[in-house]
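In: need coordinates for the following:
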Amino acid sequence: MASVQQVFLEYWPHFIFILTVAAAATAAIHAAMSKTDVRAAIGWVGIILFSPLFGAFLYLIAGVNRVRRDQISQLRDKSLKDYATRDDSPVEDVALHSAPHFRSLKTLGDAVSRFPLRGGNHIRVFSGGDEAYPAMLEAIETASRSIALQSYIFDNDTVGRQFAAALKRAHDRGVQVRVLIDAIGAKYSRPRIVPLLRRSGIRTALFMTNPLGLRMPYANLRSHRKILVVDGCVGFTGGMNIREGFVSSVAGDKMAGDTHFRLEGPVVLQLMSVFAQDWEFTTHEILTFDTWCCDVWKPPQPLVPARCIRSGPDRSMLSTHNMLLGAFAVAQSHIRIQSPYFLPDTVLLGALNTAARRGVTVDIVVPGKNNLRLVNYAMTAQLDQVIRSGCRVWRTRGNFNHSKLITIDGSWSYIGSSNLDPRSLRLNFELDVEIYSTELAGQLEKLIDREIANADAVTLDYLAGQHFLKRLRNKVIWLASPYL
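Out: Residues are numbered from 1 along each chain as shown. Predicted coordinates:
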């Protein structure tokens, strides 16, 4: 025994060297063999070679997709079948409602999404928490059978406790309640809201915790979806988390903006299907159709065609990416984009630049004040790539706006949880809705144009006029943009 200790003490640098080489080689080989994006593969291999031991550890934490795509997809497809086969509402013919050039976009959606485009939906737009939260709370208070709530962030603050109290009242009167919160998003407030919900008897689960029992969840594979479905008949989705920063009475003149949506009609079944899949994947509990879904929808006018687009690091990876590529390709007159984090990859940048060169007006609205400083630096470093091609970029003067809105030619809209950044497009589980409606697109265009009216145009001269050190800082941060 002593001889072994003596050998180790004498040769410990050699052992550390062997361990470092083995860890770095294993991580580098895994990155090269498993990454489908060459830039991600090169970036990770470079980090590992630059700092073998730390780089391998960092790759283990943030770079490895530990859940097999086929495993996720099989679990989700299994639970999806029961919902999909019960939906006998008519498939919508887009040509009856929108310009003919959107027929190809509908065909793309049929291939990208596992959901069909359904007609007969009513969609209402809410601007900010002052409008959205009271409507969501009212729906919870009137629930008679079931409530499904999923959110990336559910803070333990004045707004979060209002939702918790409403959910408790629903639970106490016999309503089935399920709450799914992302494991990292749940940590945004202290103390967390989860113990309060569980003490109230509400079944609450955390999405994608570490199966090894470690306290730290995965850095990637986050559920960024925002879903509320009440009695299977009324749904809410969009970009808004549950937190008081979106309410004027609490946040005051620092209130953040956002846009949320109330949905009625067959598309609510798709919302519920996504929640049910995520809930079964997390808890292994199957939510039955009869309790959690609506058989008959009677939404008010006007009615619009819509469908959900799921995306995430499973079989639905790049769903939103592909939908946006198709939308930018068919655009003929005007593309409007409002995004808090505008960091598209080179393919999407190319699609936007090509549209601008074809004569399509491309307006991109980003916040002047951003809640993520590093993302703002990286975003600024990339703006020149779209401005040079004729896209118009606007930085708003008001408070931070978290809205994610896209409209094409005043007829097609894309709303939901996805940001235009690598994390949303490749690493997070997201949920969006495509909508074919001139009336709804017009409402969203007014919201975006209102932001433009209170914004400053970003020009090449402005970007070039920034101090060299600022431009250097932005470019350095931009190099890490695939991981922000």
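
In: R397 against A457, yeah?
Out: No - R397 is beyond contact range of A457, at 11.7 Å (criterion: C-beta atoms under 8 Å). Every residue, glycine included, has its C-beta placed from N, CA and C.

In: what's the closest non-adjacent residue to N419?
Out: Y341 (4.5 Å; C-beta to C-beta, 6 or more residues apart in numbering).

In: confirm for me that that neighbour is in contact with M379.
Out: Yes - counting by C-beta under 8 Å, Y341 touches M379, with 6.7 Å between them.

In: which neighbours do those two share?
Out: N370 (C-beta atoms under 8 Å, 6 or more residues apart in numbering).

In: more neighbours, the two?
Out: Shown here are Y341 and M379; by other C-beta atoms under 10 Å, M379 has more neighbours (27 against 23).

In: so the residue nearest to W292 when sequence neighbours are not counted bridges to which residues?
Out: Excluding the flanking residues, the one nearest W292 by C-beta to C-beta, 6+ apart is S146, at 4.9 Å. Going by DSSP bridges, S146 is paired in beta bridges with Q176.

In: what about S146, how many neighbours?
Out: 21.

In: same question for G390.
Out: 16.

In: ditto for E445
Out: So E445, with other C-beta under 10 Å, has 18 neighbours.

In: with adjacent residues omitted, what lies nearest to it?
Out: Per C-beta to C-beta, 6+ apart, closest to E445 is T407, 5.5 Å.

In: likewise C293?
Out: G232 (3.9 Å).

In: which pLDDT value goes with N401?
Out: Note on N401: pLDDT of 95.

In: what does P299 give?
Out: pLDDT at P299 comes out at 88.

In: so it: helix, strand or coil?
Out: coil (DSSP: H, G, I helix; E, B strand; the rest coil).

In: related to what we said a few turns ago, residues in contact with the residue nearest to W292?
Out: By C-beta under 8 Å, 6+ apart, S146 lies in contact with 175-178, 229-232, 291-292.

In: now the residues you listed in JSON lines, with pLDDT, distance to A166 and neighbour count?
Out: Formatted as JSON lines, those follow (pLDDT from 0 to 100; distance: C-beta to C-beta, whole Å; neighbours: other C-beta atoms under 10 Å):
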{"residue": "V175", "pLDDT": "97", "distance to A166": "11", "neighbour count": "17"}
{"residue": "Q176", "pLDDT": "97", "distance to A166": "15", "neighbour count": "17"}
{"residue": "V177", "pLDDT": "97", "distance to A166": "10", "neighbour count": "22"}
{"residue": "R178", "pLDDT": "98", "distance to A166": "15", "neighbour count": "22"}
{"residue": "V229", "pLDDT": "98", "distance to A166": "15", "neighbour count": "30"}
{"residue": "V230", "pLDDT": "97", "distance to A166": "11", "neighbour count": "25"}
{"residue": "D231", "pLDDT": "96", "distance to A166": "14", "neighbour count": "20"}
{"residue": "G232", "pLDDT": "94", "distance to A166": "18", "neighbour count": "23"}
{"residue": "T291", "pLDDT": "89", "distance to A166": "20", "neighbour count": "11"}
{"residue": "W292", "pLDDT": "94", "distance to A166": "19", "neighbour count": "24"}
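
In: just checking, which of those belong to helices?
Out: Residues of those located in helices (DSSP state H): 291-292.

In: among the contacts of S146, which one lies nearest to G252?
Out: Top of the list for closeness to G252, among the contacts of S146 and by C-beta to C-beta, is V230 at 30.2 Å.

In: ends of stretch 379-391, what's the gap?
Out: From its first residue to its last, stretch 379-391 covers 15 Å (C-alpha to C-alpha, to the nearest Å).

In: mind listing what E141 touches?
Out: Going by C-beta under 8 Å, 6+ apart, the list of residues near E141 reads 166, 169-170.

In: before we move on, what about N353?
Out: 385-386, 388-391.

In: biggest separation within those residues, which pair?
Out: Q385 and G390 (11.8 Å).

In: of the contacts of E141, which is the most crowded?
Out: Busiest of the contacts of E141 [other C-beta under 10 Å] is A170, holding 22 neighbours.

In: element containing that residue?
Out: helix 158-172 (DSSP states H and E).

In: same deal with L269?
Out: Going by DSSP H and E, L269 is part of helix 267-283.

In: rewinding a little: elements contacting the strand or helix carrying the residue nearest to E445?
Out: Take DSSP H and E as the rule and T407 turns out to sit in strand 405-408. Packing partners of strand 405-408 (3 or more C-beta pairs under 8 Å, 6 or more residues apart in numbering; DSSP states H and E): helix 319-330, strand 334-338, strand 412-416, helix 438-453.

In: any chance of these in TSV, plus distance to G238?
Out: Converted to TSV, these look like this (distance: least, C-beta to C-beta, whole Å):
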stretch	distance to G238
helix 319-330	15
strand 334-338	12
strand 412-416	6
helix 438-453	11
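
In: deepest of those, which one?
Out: strand 412-416 (a mean of 25; mean count of other C-beta atoms under 10 Å).

In: next up, phi/psi of the residue nearest to C293, please.
Out: For G232, the backbone dihedrals are phi 70, psi 0 (criterion: degrees, to the nearest 10).

In: how about the one 5 residues further on?
Out: According to degrees, to the nearest 10, the main-chain angles of T237 amount to phi -160, psi 170.

In: beta partners for it?
Out: I227, F261.

In: go on, F429?
Out: With DSSP bridges as the criterion, F429 is bridged to S223.

In: let's verify I181: helix, strand, or coil?
Out: Relying on three-state DSSP, one would call I181 strand.

In: R336 contacts D363, doesn't it?
Out: Yes - counting by C-beta under 8 Å, D363 is a contact partner of R336 at 5.0 Å.

In: what is in contact with those two at once?
Out: Common neighbours of R336 and D363 (C-beta under 8 Å, 6+ apart) are I448.

In: list the contacts of A186.
Out: Contacts of A186 by C-beta under 8 Å, 6+ apart are 153-154, 192-194, 206.

In: was I right to think G416 contacts N428?
Out: No - with contact defined as C-beta under 8 Å, G416 does not reach N428; the gap is 11.6 Å.

In: can you select the buried ones among the contacts of N353 for me in PyMOL?
Out: This is how PyMOL selects the buried members of these, with burial counted by 16 or more other C-beta atoms under 10 Å:
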select buried, resi 386+389+390+391
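
In: could you dump the contacts of N353 to TSV with secondary structure?
Out: Formatted as TSV, the contacts of N353 follow (three-state DSSP):
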residue	secondary structure
Q385	helix
V386	helix
R388	coil
S389	coil
G390	coil
C391	coil
